[in-house]
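Trainee: Predicted structure and sequence below. I'll ask about it afterward.
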Number of protein chains: 2
Amino acid sequence: MVTFTENEPFSPIKYQYAVEKILYKGKSQFQEIMVFESPDFGKVFVLDNIVQLTERDEFFYHEMLTHIAMHTHPNPRKVIVIGGGDGGTMREVLRHLSVEKAYLVEIDKKVVEIARKFLPFVSSQLDDPRVEIHYTDGAEFIKSINNVDIVIVDSTDAIGMARTLYSEEFFNNIYKCLSPDGLYVTHSESLGFHREMAIEVQNTLKKIFPIVDLYSFPIATYPGNWWSFAIASKKFDPRIPNKEQVPGTKLYDHEVHKWVFLPKRLYLRIMNEDVQW
Amino acid sequence: MVTFTENEPFSPIKYQYAVEKILYKGKSQFQEIMVFESPDFGKVFVLDNIVQLTERDEFFYHEMLTHIAMHTHPNPRKVIVIGGGDGGTMREVLRHLSVEKAYLVEIDKKVVEIARKFLPFVSSQLDDPRVEIHYTDGAEFIKSINNVDIVIVDSTDAIGMARTLYSEEFFNNIYKCLSPDGLYVTHSESLGFHREMAIEVQNTLKKIFPIVDLYSFPIATYPGNWWSFAIASKKFDPRIPNKEQVPGTKLYDHEVHKWVFLPKRLYLRIMNEDVQW
């Protein structure tokens, strides 16, 4: 059996997948792109040798990244997804019928092209008339827009190429582009392997936003797996949903919304680095 | 760099670890045993090419396996650990000062021997005068004892050699050996990769015990990671702790106790197999 061993430079465990067939392998201006068929996970989408999503479990990540912020805001109309060129996050955003305009800001046009061709289970909603795609740098794009209800950053690893999407300057510009009741959400790596990254994102966001929190969900195909998400809000407490749950989700519901947030003492222990692991 | 690739036959992802040094490699009557030093995880303990624990994160599993049942029972005095020859589960059991007698029933004497020699961070409490070690088959041992407050099964994979420790017959014998307010707990594989196993354990236990539940925690070094535990009780609801929390835990506290149980609708979705993954 042919195998693919993931090369996530910051992961202490390398993940090895069986490969049935490589469907695409090429290079864009920004990165190496690969799609392979796995006997266990269906289609697997890889950038720079790091697995981005698998057909079997992509909804774990996409639902969790999207629906906490989207259900905290009672009426999100204008939404930006930065990164996420595969379309999975946008698919979840569009379940919210309040959305009038959803910008996909993906720096790499080739990612969208490949996703449209090989990954219809995530990309199929990209032709929705509410979607407007911009092939540009998200950090620049948000400087040119305002009154946004939700910004979702769906980038590659926080410790890789997407590092600038976790800077204080970028968070400041997100704050400025959001409406007075807006929210921002991003993933912030694994609490198992990269807790220091999750802590840093929390601390940087707290300099700017009045409400900052962390939630988590286990994602089996991301190294370290106890995946963390950072959420920042101008007005609404993200632990409390403010709208009816949308249909069509597999994991998300209002109970799960409350559950994904850590118990407060555990959150404090993680943030204080009292407990080493 | 030398590497070790885990060979868990039922895992669709193989985990590869960097190896600094192999400290022990040998064969017992029952299995192959290895201990290696990892630059990332400290000492790693391996049985039949499957990682059992790492020095860095063993407390995730041992605390979660032990403290839910041990805090649900208000006064556990007589406890059995089946398997767990490394001593990590016993270390957690002994934090409870109510415990008068704790049986370790490990089939493989060599596991205890190797743990004592190379893994003192888990084995160091095995000389506590409350501990009585039996090198025998746990399924036989429980037939000869009664009035036990807590039985903890800390076996190798539920789908490997330890399969008989998940049979209806075995669960019946556990029920019989427990006191009228006793509890039983075991791990039941990953909700990411082996959900069907977790479902089967729940369903089998429900034939025998009046109260059966499932809780979970992400464990980064076990394949599939969203690790599930099955808990069965004669009297107490395991979602509610009934005694003060013991000192010395890194993750466990009363808030975490309640949090590790799934929201009820998510539990039902997982059990009904409505959602495929």
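Mentor: Great, that's in hand.

Trainee: mind listing the strands for chain A?
Mentor: Along chain A, the segments classed as strands by DSSP state E run A:2-5, A:13-19, A:21-27, A:32-38, A:42-47, A:50-54, A:78-83, A:101-105, A:131-134, A:148-154, A:178-190, A:211-218, A:226-233.

Trainee: Looking at stretch A:165-180 now, give me its mean pLDDT.
Mentor: Averaged over stretch A:165-180, pLDDT sits at 96.

Trainee: buried sites along it?
Mentor: By neighbour count with 16 or more other CB atoms under 10 Å in any protein chain shown, stretch A:165-180 contains the buried residues A:L165, A:Y166, A:F170, A:F171, A:N173, A:I174, A:Y175, A:C177, A:L178, A:S179. Backbone N, C-alpha and C define where each C-beta goes, glycine included.

Trainee: Could you do stretch A:37-50 as well?
Mentor: Across stretch A:37-50, burial judged by 16+ other CB under 10 Å covers A:S38, A:F41, A:K43, A:V44, A:F45, A:V46, A:L47, A:D48, A:I50.

Trainee: Just name the closest of the buried residues of stretch A:165-180 to chain B, please.
Mentor: Minimum distance to chain B across the buried residues of stretch A:165-180 is 21.6 Å, recorded for A:Y166 (CB to the nearest CB).

Trainee: Now the residue nearest the centre of chain A: closest residue in space, sequence neighbours ignored.
Mentor: The structure's chain A has its C-alpha centroid closest to A:D154; by CA atoms, centre = their mean the separation is 3.4 Å. Among residues not flanking A:D154 along the chain, A:G84 sits closest, at 3.4 Å (CB to CB, 6 or more residues apart in numbering or on different chains).

Trainee: So that neighbour is in contact with A:E106, correct?
Mentor: Yes: if you go by CB atoms under 8 Å, A:G84 and A:E106 touch, sitting 6.8 Å apart.

Trainee: and the nearest residue to A:L97 once chain neighbours are set aside, how many neighbours does it have?
Mentor: Closest residue in space to A:L97, ignoring its immediate chain neighbours: A:V246 at 7.9 Å, by CB to CB, 6+ apart. As a burial measure, A:V246 scores 18 neighbours (other CB atoms under 10 Å in any protein chain shown).

Trainee: who are the neighbours in contact with A:V246?
Mentor: Shown in contact with A:V246 (CB atoms under 8 Å, 6 or more residues apart in numbering or on different chains): A:H67, A:M70, A:H71, A:R95, A:H96, A:L97.

Trainee: what's the distance between it and chain B?
Mentor: Distance, A:V246 to chain B, by CB to the nearest CB, to the nearest Å: 15 Å.

Trainee: that older thread, so who does the residue nearest to the centre of chain A touch?
Mentor: Neighbours of A:D154 in contact, by CB under 8 Å, 6+ apart: A:L65, A:V81, A:I82, A:G83, A:G84, A:G88, A:T89, A:T186, A:H187.

Trainee: farthest-separated two in those?
Mentor: Within the contacts of A:D154, A:G88 and A:T186 form the most distant pair, 15.0 Å apart (CB to CB).

Trainee: Looking at the stretch 51-200 of chain A, which residue is nearest chain B?
Mentor: Closest point on the stretch 51-200 of chain A to chain B, by CB to the nearest CB, is A:G192, at 3.4 Å.

Trainee: residues near that residue, how many?
Mentor: A:G192: 26 surrounding residues under other CB under 10 Å.

Trainee: quick one: it and A:N225 touch, right?
Mentor: Yes: with contact defined as CB under 8 Å, A:G192 counts as touching A:N225 (5.9 Å).

Trainee: any shared contact partners between the two?
Mentor: Common contacts of A:G192 and A:N225, defined by CB under 8 Å, 6+ apart, comprise B:P218, B:I219, B:A220.

Trainee: State the number of residues packed around the last one.
Mentor: As a burial measure, the neighbour count of B:A220 was computed by other CB under 10 Å and equals 25.

Trainee: Over to the first one?
Mentor: One way to gauge burial is a neighbour count; for B:P218, by other CB under 10 Å, it gives 26.

Trainee: swap in the second one?
Mentor: Under the neighbour criterion other CB under 10 Å, B:I219 is assigned a count of 23.

Trainee: Look up which residues are beta-bridged to the closest residue to A:E6 other than its chain neighbours.
Mentor: The shortest distance from A:E6 to any non-neighbouring residue, by CB to CB, 6+ apart, is to A:Y15 (4.4 Å). In this entry, A:Y15 is beta-bridged to B:Y15, by DSSP bridges.

Trainee: tell me the pLDDT at A:Y15?
Mentor: If you check A:Y15, the pLDDT there is 97.

Trainee: tell me how far stretch A:53-63 is from the chain's mean position?
Mentor: 11 Å (CA atoms, centre = their mean, to the nearest Å).

Trainee: Tell me how confident the model is about that stretch, as a mean pLDDT.
Mentor: Stretch A:53-63 carries an average pLDDT of 97.

Trainee: do the same with stretch A:130-143
Mentor: 97.

Trainee: buried residues in that stretch?
Mentor: For stretch A:130-143, the neighbour count (16+ other CB under 10 Å) marks A:R130, A:V131, A:I133, A:H134, A:G138, A:A139, A:F141, A:I142 as buried.
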